[in-house]
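> Compute the structure for the input listed below.
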Amino acid sequence: MLKKNLFYFWLLIIIIVNLVPVGTGNINELASGKGWSFRIDYIFHFFGFFILPVFYYLGLKYGKLTHNTRQYIKIILISLFFAVLVEYIQKFLPYRAYNPVDLFYNIMGVIVGFFVFHTFIYKLINSNIVGVFEGDNALSRKDM
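Next up is the predicted model:
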C-alpha cells in the first residue's frame, strides 16, 4: 500500500513546499528573471522532482519491471506536468513568485531522475541480485 501511495505522498510534499509562504526574499527580483545567480533552493527543486518519476513507476509495478515505452512516456509527461504546474501556480500567489530558473531545475530533476532510474535502478531491479517487490523481503538478496 505504501509503495502505491508514495508518488502521491511525495507530490503532496512538493506542492506544499512550493506553495506555502516562505522566506523574505525579493519576490519582484525573482519574477523579473534577475534571480539567475545560484541559490541553494535550486538543489531542492532538482532533487524534489528527481525522485518523482521513480516513485510513480515503483508505485505502479509489482514483480519484475518491464520495458514499456508507453508507460515511460506517461511517467515523464505526468512528472513534467506537475513540475510546470507547481511553478506556474506561483504566478498567481502574492507571497510567491514564478521563477524560470526554478522551473528549469524542476524539469531537469524529472528528466535526470527518469534516466538515472532507467539506466541504473531498472537494471538492478531486473537483475538476479535484487528483488524489489517480493513481500516482506523487499530490496533483499534473492536466493542467496
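> going forward, measure contacts and count neighbours with C-alpha atoms only.
Noted.
> For the protein, give me the ranges with low pLDDT.
Within the chain, the stretches with pLDDT under 70 are 1-4, 22-38, 60-67, 121-122, 125-144.
> quick one, longest helix in it?
helix 69-89 (DSSP state H).
> got the angle for whichever helix or strand comes after it vs helix 69-89?
Note on helix 69-89: by DSSP states H and E, the next helix or strand toward the C-terminus is helix 100-116. Between helix 100-116 and helix 69-89, the angle comes out at 160 degrees (axes from the mean of the first three to the mean of the last three Cα atoms, to 10 degrees).
> Show residues contacting helix 100-116.
33, 35-36, 42-43, 45-54, 76, 79-80, 83-84, 87 (Cα atoms under 8 Å, 6 or more residues apart in numbering).
> quick revisit: what residues of the longest helix of the chain count as buried?
75, 76, 79, 80, 82, 83, 84, 86, 87, 88 (16 or more other Cα atoms under 10 Å).
> now swap in stretch 104-118 and tell me
Quick answer for stretch 104-118 (16+ other Cα under 10 Å): 104-115, 117.
> okay, the residues you listed in JSON lines with distance to residue 97 next?
As requested, those are exported to JSON lines (distance: Cα to Cα, whole Å):
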{"residue": "104", "distance to residue 97": "14"}
{"residue": "105", "distance to residue 97": "15"}
{"residue": "106", "distance to residue 97": "15"}
{"residue": "107", "distance to residue 97": "17"}
{"residue": "108", "distance to residue 97": "19"}
{"residue": "109", "distance to residue 97": "20"}
{"residue": "110", "distance to residue 97": "21"}
{"residue": "111", "distance to residue 97": "23"}
{"residue": "112", "distance to residue 97": "25"}
{"residue": "113", "distance to residue 97": "25"}
{"residue": "114", "distance to residue 97": "27"}
{"residue": "115", "distance to residue 97": "29"}
{"residue": "117", "distance to residue 97": "31"}
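> Name the nearest of those relative to residue 19.
residue 106 (14.1 Å; Cα to Cα).
> What count of nearby residues applies to residue 53?
Around residue 53 there are 27 other residues, counting by other Cα atoms under 10 Å.
> Who are the contact partners of it?
75, 76, 79, 110, 113, 114.
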